[in-house]
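Asker: A structural model of the following input is requested.
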Amino acid sequence: MVWNPGQSLFGDRYFIERKLGEGGIGITYLAKNRRGELRVIKTYKEEIFNNPVWVPHRSKLRQDFCEEALRLALCRHPHVVQVENVFNEGEFPCMAMEYIEGEDLGKLITKKGVLSEDEALLYIRQIGDALTVVHERGLLHRDLKPSNIMMRAGKWEAVLIDFGIARQFIPGTIQEHTNSVSHGFAPPEQYELKAERGEYTDVYALAATLYALLTAQLPMPVPARLQNFTLQAPKDFNASISDNVNQAIMRGMALNYRYRPQSVQKWLDLLGSTTQTWGSNSREIRTISGSAKMNSIAISPDGKTIASGGGEVKLWDLHSGELLRSLKGYGHVTFNPDGQTLATNLSYFDNKIGIWHCLTGELLHTLKWQGYLYYPITISPNGHFIATSRDWTILFNPVIGYRDFPLIGIWNLKTGEFIYEIAGHFGLVNSIAFSPDSQILASGSNDATIKLWSVKTGKLIRTLNENAQEYKFPENYQAILSVAFSPQGNIIASGSRDKIINLWNPITGQLIRTLSGHSELINSLAFSPDGKILATASKDKTIKLWQIDIGNQIYTFSKYSHSVNCITFSPDGQTLASCDDSGNIKIWQRG
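Answerer: Numbering: from 1, shown residues only. Here you go, the predicted model:
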């Protein structure tokens, strides 16, 4: 059986482009679906499927094939190859998967030689995260090696492929598995037909893969090691490998599985902090040129789309930089955590917030409030509430009598019902942020204070920086321009006009630490998803990265000719996006 270019499969749903490759029992083809998207079609080789020895076992072959497809379909993760379809073409079972344009890590190290430790760790952590999901589904990959890790072309993204010998496992139970091994990467228990297997089985292979990436050497196979040949430490081949990484590899490749870390996460922890992977090896991978000043940017929860706001609102493809659509909007943009909708101001002179469908660009409904809305809009992490601020209104205060106050408004996002408004600041509210549990709203104002409000009642919980000077028009040198909660909710960061970043304890109200280094006001700040890094953007045309636990500055991005107005991390923490006064979006990738 040979499928030729142009041949259609599955009722003209797929059209063969060419053969990609073949292995021991399988063969893969490049094809296009009806939308013209490239896909990989995998099936059995004819000489295997029609071999007289295998003919009596065809039902088992089909069952194994379908189980592989199901295993892949269950493991939804950005660093696991995704299945689009499973079907039969005549007597042959077929699987349609996403096509990953690029090369595998085996070819990369053959061509390039050893990888830098930072680059190798980036890929290993991505695959480690993917394996954690695989293990949560009760599966072992059992064939992890550089040639089964694809790199997306033009991106620092690794994808785990080939689940052909993946099997279910039950910790602490002796199970019978097919004896299929990749020498150098398979642990001792995989050479046995019956043995205990667990996450530590893939830990060995992941450690061996890192060994190969950092040395460009095939790790010594288990049979040789069992004959008392000593596995050389990777640092013997590459002196630049750090001690903790060298030790983590050797621990992960222990012959006795009891001496290995018992989970992928525990092994990843041995590699040390990930914060230093943001640094000199980080790089700008793309600049997207807009047509107007941008003061707001957001990345969708699935990490695929960027929304930019300013004089206009636009949606862009994060990976290609392609403009997807323009929306009638102005000012701030924020995604609903469900990834389905987006909120924007509708115009500078409008008192409405627009809720848009992300895929269609349809305006679903509007939220209206009296007075002119100010820029900040934010949606709670649970997707229940949306908050914004507006211009001055005259209210009565029992202490100071009648006075102008800016207001904060809260809506029920699902019903569009206006819940309440909050007054308490003496200056415009420049930034608002929900706590990770959606119970607290923080607001930063020109009056130089941060106030914490109960989302349930709208009552003031606490004021941070209570000793700030009285607000003075038009500018307060200590005005708070940006606030953000850490992902754990135990820190609030604030950036101000006086070039200072403060870290606060939201429970006690105490100042934890002050960070200084910018030469102009702080426009925006964002925590990395793991809460270990704070990124700050400034009018001084730079972005700075700070290590939260010790407060030191990690790195400065300075390739800007204008004020950097807003920054945000991607959900996986691998990408940092920014926008500036020139109307450009810059995308940075962790190195």
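
Asker: domain assignment for the chain?
Answerer: Using automatic domain parsing, the domain parsing of the chain gives 8-98, 102-272, 283-589.

Asker: would residue 58 count as being in a strand?
Answerer: No - looking at residue 58 with DSSP: H, G, I helix; E, B strand; the rest coil, it is helix, so not inside a strand.

Asker: list the contacts for the nearest residue to it once chain neighbours are set aside?
Answerer: Among residues not flanking residue 58 along the chain, residue 49 sits closest, at 6.9 Å (C-beta to C-beta, 6 or more residues apart in numbering). Every residue, glycine included, has its C-beta placed from N, CA and C. Residues counted as contacts of residue 49 (C-beta atoms under 8 Å, 6 or more residues apart in numbering) are 58, 61, 91, 92.

Asker: Using JSON lines, lay out these together with secondary structure and neighbour count.
Answerer: Output for the contacts of residue 49, formatted as JSON lines (DSSP: H, G, I helix; E, B strand; the rest coil; neighbours: other C-beta atoms under 10 Å):
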{"residue": "58", "secondary structure": "helix", "neighbour count": "14"}
{"residue": "61", "secondary structure": "helix", "neighbour count": "17"}
{"residue": "91", "secondary structure": "coil", "neighbour count": "12"}
{"residue": "92", "secondary structure": "strand", "neighbour count": "20"}
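
Asker: Looking at these, spot the one nearest residue 436.
Answerer: Using C-beta to C-beta, residue 61 comes nearest to residue 436 of those, at 48.1 Å.

Asker: Next up, the contacts around that closest one.
Answerer: Contacts of residue 61 by C-beta under 8 Å, 6+ apart are 44, 49, 54, 93.

Asker: For burial, what's the neighbour tally of the first one?
Answerer: Using other C-beta atoms under 10 Å as the criterion, residue 44 is surrounded by 22 other residues.

Asker: Now do the contacts for it.
Answerer: Taking C-beta under 8 Å, 6+ apart as the test, what residue 44 contacts is 25, 26, 27, 61, 65, 92, 93.

Asker: Quick check: beta-bridge partners of the nearest residue to the fifth one once chain neighbours are set aside?
Answerer: Taking C-beta to C-beta, 6+ apart as the measure, residue 65 lies nearest to residue 93, with 4.3 Å between them; neighbours along the chain are not counted. For residue 93, the beta-bridge assignment (DSSP bridges) gives partners residue 88.

Asker: Wait, residue 93 touches residue 42, no?
Answerer: No - using C-beta atoms under 8 Å, residue 93 is not in contact with residue 42, being 9.2 Å away.

Asker: and the gap between residue 536 and residue 68?
Answerer: Residue 536 sits 46 Å away from residue 68, going by C-beta to C-beta, to the nearest Å.

Asker: Tell me who's in contact with the residue nearest to residue 65.
Answerer: Contacts of residue 93 (C-beta under 8 Å, 6+ apart): 43, 44, 61, 62, 65, 66, 86, 87.

Asker: Local confidence estimate at the third one?
Answerer: It refers to residue 61. At residue 61, the pLDDT value in this model is 80.

Asker: how close does the closest residue to residue 362 other than its chain neighbours sit to residue 583?
Answerer: Closest residue to residue 362 apart from its sequence neighbours, by C-beta to C-beta, 6+ apart: residue 356 at 6.8 Å. Applying C-beta to C-beta, the value for residue 356 to residue 583 is 21 Å.

Asker: Same question for residue 47.
Answerer: In terms of C-beta to C-beta, residue 47 sits 59 Å off from residue 583.

Asker: More neighbours: which of the two?
Answerer: Shown here are residue 47 and residue 583; by other C-beta under 10 Å, residue 583 has more neighbours (18 against 12).

Asker: Against residue 549, how distant is the residue nearest to the more buried one when sequence neighbours are not counted?
Answerer: Nearest non-adjacent residue to residue 583, counting by C-beta to C-beta, 6+ apart: residue 290, 4.0 Å away. Computed as C-beta to C-beta, the residue 290 to residue 549 distance reads 36 Å.

Asker: Looking at the two, which is more packed in?
Answerer: residue 290 (19 against 12).
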